[in-house]
Structure formats: C-alpha cells, structure tokens
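[1] could you work out the structure for the sequence below:
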Amino acid sequence: MDATTLSLVIPAYDEAAVIGRAVREAEAALAGRFADFEVLVVDDGSRDRTAAAVEELAAPHTRLVRHGANRGYGAALRTGFEAARFPLVAFTDADCQFELSELGTLAALADEYPIVAGYRVDRKDHWRRRFFSWGYNRLARGLCGTRVRDVDCALKVFRRDALARLLPESRGFFVNTEMMTRARQLGLPLVEVPVTHRPRAGGDSKVSLREVPKTAARLLRFWWANVVRGPRPAVTPAAVFRTRLPAPPAARGRVPAPPPSTGRGRPAAPPAPRRAAS
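    Below is the predicted model:
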C-alpha cells in the first residue's frame, strides 16, 4: 500500500468562521508528510460564505465540491469519498479539533490495516457531551459490534478498496456507526490509534442535545434491520488492535493502551511479524 499519497475529505456546513484555518492547517500538515495529496472540502449546502471562503484561499491542493442543498453529514462524507483520487482516503471535521500532522502516523499503519481509526484522548468537550459519547459508544459496541471505543472520532484513514465496500447510506451523523458495523460484518480488521483533541476553533457545533434521542432511535432501528435481521458476519473474526504507540503529549500517561481485543472481550493474537526475505 502506497502510504505517501492521501485524499483528505472535510465536510462543511455553515463553517465560514473556521474553514479557512481548516484548509490552511490541512495543507501545511500534509505537505510535510505526503509526496502528493489533496484536500476535498464538501460544502453541504451552506447558507453562509463557506464556499466563497474556500475559493478565496486559492489553496493549491484543495478542491471544493458543493451540494446545492443541505443533505447531511453522512451524505457529504460519501460525496467526498467518491471524489477522492488517491489510494488512501482520510476524513476530518472543519472545526480544527485534530492535529492533522498525526495523519502521517495513521497512514503508515494502513500498510497493515485497511481501516485506521483514531480515538480522542483528553477530550476538550463539555463533560455532558463526553458522558453521552461514552454511553453511545457502549451501546454501539454492544448492539452493533462497532468494536472501537470512540466510533465518532473524526480522524480515520481507509484504504480506498476497503472504503468502496463501506460507502455509507446514512445521511446524518449516524454514518460512523454504520461504516464500523459494516466493517465488522465484512471481517475487515482495523487498528485504533490515540489522537490529540483540541477545543473547537470557532463557529458552532452541529450536534446538539436534541440529536440524542434521534440518534438512539436510529441506532435501535439500524440494529434491528442490519444486525438482527441483516447479513451474517464474515466467518473470519474481524479483529481490532490497539497500537502501542505513545499517546500524544497532551494525554501522555492518562490513557494506557489496553491489550489487543477482538471486540468481544477476548484477547486477540497480535499480527504475526513479517519474515525477512531470504
């Protein structure tokens, strides 16, 4: 797998206050770590100057894709995934809450794993949001077998061939749960990596407390239709491994890396070491 080229998808809806910084940070971070890359900003029918702000930047590696009307976070991600040109495809949010320099570490692991998922350590969100996220992740792992501790972390890298099998149908914020559930059903292994989390750079979060009951109801409907009555999982267990990489400096010593797990509570054998060619 060529880990030197990357497409980064950034969905954006009414993010005029921060999209300029998001694009500049992305181009600067990727330029020092990838031989070639692109940043795909998907303007999801914004009512403000999000698209104009991107165009005014004239960033050399950035492409703007526009929805004529707001279709939802999941739909914007799918548009970006389908437009991506490189063998590795990543995504992040427009609110600048991630250190995009860490994409180099995630991309390097894609040589061994088709899915590399970040998980936020020392999260800079309000305690209420962290609490709801903790509860939702427990439900998603228990009902859908998502396997990951932080399903909605917006820093993930996919091999393009694997991503083609995971393209989401969900139009809203349920997209991550859908994709991680399908990955488990298809037997695709993944690895989790600790990533740095920062306070939102500006603008307003599009996820409110009003979304909690809607998301819970969506989770139950999805579980019934796609897990209980859906296709049987792949015969080969889909393992998830946690890296032994040091945690980001902001969280060092706070979140120890747990042993590898199959996602069902049983230890999983780590990947066999490669043999040197004779």
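[2] poorly predicted segments of the stretch 151-278 of the chain, please.
    For the stretch 151-278 of the chain, the stretches with pLDDT under 70 are 202-212, 231-278.
[3] ok, which stretches of it are strands?
    Along the stretch 151-278 of the chain, counting by DSSP state E, counting those that start in this stretch, strands occupy 156-159, 190-196, 240-242.
[4] those strands: which one's closest to residue 227?
    Residue 227 lies closest to strand 240-242 among these, at 17.1 Å (C-beta to C-beta). (Glycine included, C-beta is placed from N, CA and C.)
[5] ok, residue 144 to residue 220 distance?
    Going from residue 144 to residue 220 by C-beta to C-beta, to the nearest Å gives 10 Å.
[6] who's more crowded, these two?
    The neighbour comparison of residue 144 against residue 220 (other C-beta atoms under 10 Å) goes to residue 144, with 22 against 12.
[7] nearest spatial neighbour of that one, chain-adjacent residues omitted?
    Excluding its sequence neighbours, the residue lying closest to residue 144 (C-beta to C-beta, 6 or more residues apart in numbering) is residue 181, at 4.2 Å.
[8] still on that earlier bit, okay if I get the strands of the stretch 151-278 of the chain as a markdown table plus distance to residue 136 and mean neighbour count?
    Formatted as a markdown table, those follow (distance: least, C-beta to C-beta, whole Å; neighbours: other C-beta atoms under 10 Å):
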| stretch | distance to residue 136 | mean neighbour count |
| --- | --- | --- |
| strand 156-159 | 17 | 24 |
| strand 190-196 | 17 | 24 |
| strand 240-242 | 18 | 22 |
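[9] around the spatially closest residue to residue 195 that is not a sequence neighbour, how many other residues sit close by?
    Distance criterion C-beta to C-beta, 6+ apart; nearest residue to residue 195, sequence neighbours excluded, is residue 118 at 3.7 Å. Neighbours of residue 118 under the rule other C-beta under 10 Å: 25.
[10] element containing residue 118, please.
    Using DSSP states H and E, residue 118 maps to strand 115-121.
[11] list the contacts of that strand.
    98, 102, 106-107, 109-110, 148-150, 153, 155-159, 162, 180, 183, 188-197, 247-248, 250-251, 254-255 (C-beta atoms under 8 Å, 6 or more residues apart in numbering).
[12] so residue 101, which state does it fall into?
    Following DSSP: H, G, I helix; E, B strand; the rest coil, we place residue 101 in the helix state.
[13] so it touches residue 31, yeah?
    No - contact criterion C-beta atoms under 8 Å: residue 101 and residue 31 do not qualify, at 10.6 Å.
[14] more neighbours: those two, which one.
    Applying other C-beta under 10 Å to residue 101 and residue 31 shows that residue 101 carries more neighbours, namely 14 against 11.
[15] what about the more buried one, distance to residue 148?
    Distance of residue 101 to residue 148, given as C-beta to C-beta: 22 Å.
[16] same check, this time on residue 68
    Distance, residue 68 to residue 148, by C-beta to C-beta: 34 Å.
[17] neighbour count winner among the two?
    Shown here are residue 68 and residue 148; by other C-beta under 10 Å, residue 148 has more neighbours (26 against 7).
[18] what's the closest non-adjacent residue to that one?
    Closest to residue 148 by C-beta to C-beta, 6+ apart is residue 117, at 5.3 Å.
[19] just the pLDDT for that neighbour.
    For residue 117, the model assigns a pLDDT of 98.
[20] what do you get for residue 131?
    Note on residue 131: pLDDT of 87.
[21] which element is it on?
    Here residue 131 sits within helix 127-144, counting by DSSP H and E.
[22] same check on residue 104?
    helix 103-109.
[23] do residue 80 as well
    With elements taken from DSSP H and E, the one containing residue 80 is helix 73-83.
[24] show me what counts as buried in that helix.
    Judged by neighbour count using 16 or more other C-beta atoms under 10 Å, the buried positions of helix 73-83 are 73-81.
[25] next SSE downstream of that helix?
    Next in sequence after helix 73-83, counting helices and strands by DSSP H and E, comes strand 88-91.
[26] can you list the strands that that next one pairs with?
    Within its sheet, strand 88-91 is paired with strand 5-12 (parallel), strand 156-159 (antiparallel), according to DSSP bridges.
[27] got those strands as a markdown table, with distance to residue 53 columns?
    Output for the strands paired with strand 88-91, formatted as a markdown table (distance: least, C-beta to C-beta, whole Å):
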| stretch | distance to residue 53 |
| --- | --- |
| strand 5-12 | 9 |
| strand 156-159 | 25 |
